[in-house]
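1. I'll drop the sequence and a predicted model, then ask my questions.
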Amino acid sequence: MKEPSIGRLGTPYSADTNVSSTGIGVDRMADFTVETDERTTIVDVTDRVADAIPTDADGVCTVFVRHTTAGVIVNENERRLREDLADALEELVPDEGWSHDALDGNADSHVRAMLVGESITVPVRNGELGLGRWQSVLFVECDGPRTRTVDVLLH
Ligand code: ZN
């Protein structure tokens with residue numbers, strides 16, 4: 001069995017645990033953390049995802065956010081556009097008036113994260129992310145400031 005590659009940004013699972021119960025092989029898993037300093041903010045994590053990919057890898061990379069009030073997208077990393085997305089999420093989803101707020105007061109964050117989505121996939125060719133010229137991997141914080149964990153899986 002091929003040894004899993006070990007990247008700089010996390011510890012992959014052992015070779016034995018890399019095969020799921022459905023028999024679908026995951027060649028590699030790594031993770032990294034993201035620290036945010038605002039309640040709603042977008043952070044470019046493209047380099048951190050790229051660093052988790054072995055140099056000779058081919059396949060598909062899944063980036064998965066392990067949280068219910070944060071997400072990840074692929075789009076352009078431009079300051080005003082990041083601000084526009086944060087503004088749009090806050091305008092689309094009002095801060096108050098939700099049932100879940102009776103529990104812990106952050107229903108707006110959950111609903112915004114649901115709109116964003118918790119994972120993206122990117123083609124990988126020769127160890128490089130197959131992103132378009134203007135595409136970046138953007139982490140979307142909807143309930144910061146917090147420290148978050150992001151998984152990188154290579155299939
Ligand atoms: Zn909650």
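-> On my side now, so go ahead.
2. Now tell me which helix or strand of this protein has the poorest mean pLDDT.
-> Within the chain, no helix or strand scores below strand 28-35, which has a mean of 93 by mean pLDDT, DSSP states H and E.
3. C-alpha coordinates for that strand, CSV please?
-> Below are the C-alpha coordinates for strand 28-35, written out as CSV (Å, rounded to 0.1, in the frame of the first residue of the first chain):
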residue,chain,number,x,y,z
ARG,A,28,-4.7,12.0,1.8
MET,A,29,-6.3,14.1,4.5
ALA,A,30,-4.8,17.1,6.2
ASP,A,31,-6.2,20.1,8.0
PHE,A,32,-5.3,23.6,9.0
THR,A,33,-6.8,26.3,11.2
VAL,A,34,-8.2,29.7,10.3
GLU,A,35,-8.4,32.5,12.8
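4. can you pull the buried residues of the longest helix belonging to the chain?
-> When secondary structure is assigned using DSSP state H, the longest helix within the chain turns out to be helix 79-92. Buried residues in helix 79-92, counting neighbours by 16 or more other Cβ atoms under 10 Å, are found at 82, 85-86, 89. C-beta here means a position set from N, CA and C on the backbone, and glycine is covered the same way.
5. and what of stretch 54-66?
-> Residues 54, 57, 59, 61-65 are the ones in stretch 54-66 that count as buried (16+ other Cβ under 10 Å).
6. Repeat that for stretch 93-112.
-> Buried residues in stretch 93-112 (16+ other Cβ under 10 Å): 93, 98, 106-112.
7. Nearest to Arg133 among those?
-> Arg112 (28.0 Å; Cβ to Cβ).
8. Is the closest one in a helix, a strand, or coil?
-> For Arg112, the assignment made with DSSP: H, G, I helix; E, B strand; the rest coil gives helix.
9. got the contact list for it?
-> By Cβ atoms under 8 Å, 6 or more residues apart in numbering, the contact set of Arg112 is 40, 69, 89-90, 92-93, 140, 142.
10. same thing with Val140?
-> 42, 70-73, 85, 89, 112-113, 116.
11. Could you measure from the nearest residue to Thr149 once chain neighbours are set aside over to Asn106?
-> Nearest residue to Thr149 in three dimensions, chain neighbours excluded: Arg66, at 5.1 Å (Cβ to Cβ, 6 or more residues apart in numbering). Arg66 is 17 Å from Asn106, where distance means Cβ to Cβ, to the nearest Å.
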